[in-house]
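1. all I have is the shape, not the residue letters:
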């Protein structure tokens, strides 16, 4: 699991409906009831994909509703990726004395991939994930074949197993099976005399002596120049 247990790692990414809604439409996922209500109807506003015959849409079974059309609590006018195809789904429904916004749309890429559906690998129930718009058991992927894994332990309890049968380790752990504790060192701020290195006492003394010598040289030089002028004046009879 990833994202605080809300998502699953699949194809190298953490898959959640919230994450997909934010990336595509800029808002979080709609309430579960929206999925149950709309995706079970099998219309353009909610479905589990186009009908293979090319006529209409496939109704989601009760188990598969969370793997159909991606429904969010709000939408931007255009998707962040792909081109909007058809009309946006925009419906507000009342359930248990609450009003819920159920919104979605078909965002189609140049190759025909519709990003408007819940992505493969997204959790759809306890130990269940979406694949081809169906909600299937995680055990179907045999994720226990990752290194350091068994039926009750995944990646030495310190990582997640991807569908490529590779462990993606938690922070501070490494190795193929995430069994090696390797924390990232945190630099500590310097304290006391080491925190700020000002000029040392020796440097101050040397500087003071050099300054005194320079001053004495200037004074003596000026005095000598004065004596020479006096002597010249006397010798010339002034």
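-> Done, it's in. A quick note: this is a predicted structure, and the numbers were derived from the prediction, not measured.
2. so what's residue 50 up against?
-> Going by CB atoms under 8 Å, 6 or more residues apart in numbering, residue 50 touches 56-58. C-betas here are computed from N, CA, C, even on glycine.
3. do you know how far it is from residue 112?
-> Here the criterion is CB to CB, to the nearest Å. By it, residue 50 lies 11 Å from residue 112.
4. likewise for residue 7?
-> In terms of CB to CB, residue 7 sits 26 Å off from residue 112.
5. and this structure, what are its domains?
-> For the chain, the domain assignment from automatic domain parsing gives the residue ranges 9-137, 142-185.
6. tell me which of those domains is the most buried.
-> Counting by mean count of other CB atoms under 10 Å, domain 9-137 has the highest mean neighbour count of the domains of the chain, with a mean of 17.
7. flag the shaky bits of the chain, pLDDT-wise.
-> For the chain, applying pLDDT under 70 flags the ranges 1, 3-4, 141-145, 149-152, 163, 189-238.
8. just put the domains of the chain in a markdown table and tack on distance to residue 2.
-> Listed next are the domains of the chain as a markdown table, based on distance: least, CB to CB, whole Å:
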| stretch | distance to residue 2 |
| --- | --- |
| domain 9-137 | 4 |
| domain 142-185 | 6 |
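9. just checking, residue 69 touches residue 40?
-> No: using CB atoms under 8 Å, residue 69 makes no contact with residue 40, being 10.9 Å away.
10. list residues touching both of these two?
-> Common neighbours of residue 69 and residue 40 are listed as residue 46 (criterion: CB under 8 Å, 6+ apart).
11. what's the following helix or strand after the strand or helix carrying residue 84?
-> Per DSSP states H and E, residue 84 falls inside strand 83-95. Note on strand 83-95: by DSSP H and E, the next helix or strand toward the C-terminus is strand 98-108.
12. with adjacent residues omitted, what lies nearest to residue 171?
-> Excluding the flanking residues, the one nearest residue 171 by CB to CB, 6 or more residues apart in numbering is residue 184, at 7.3 Å.
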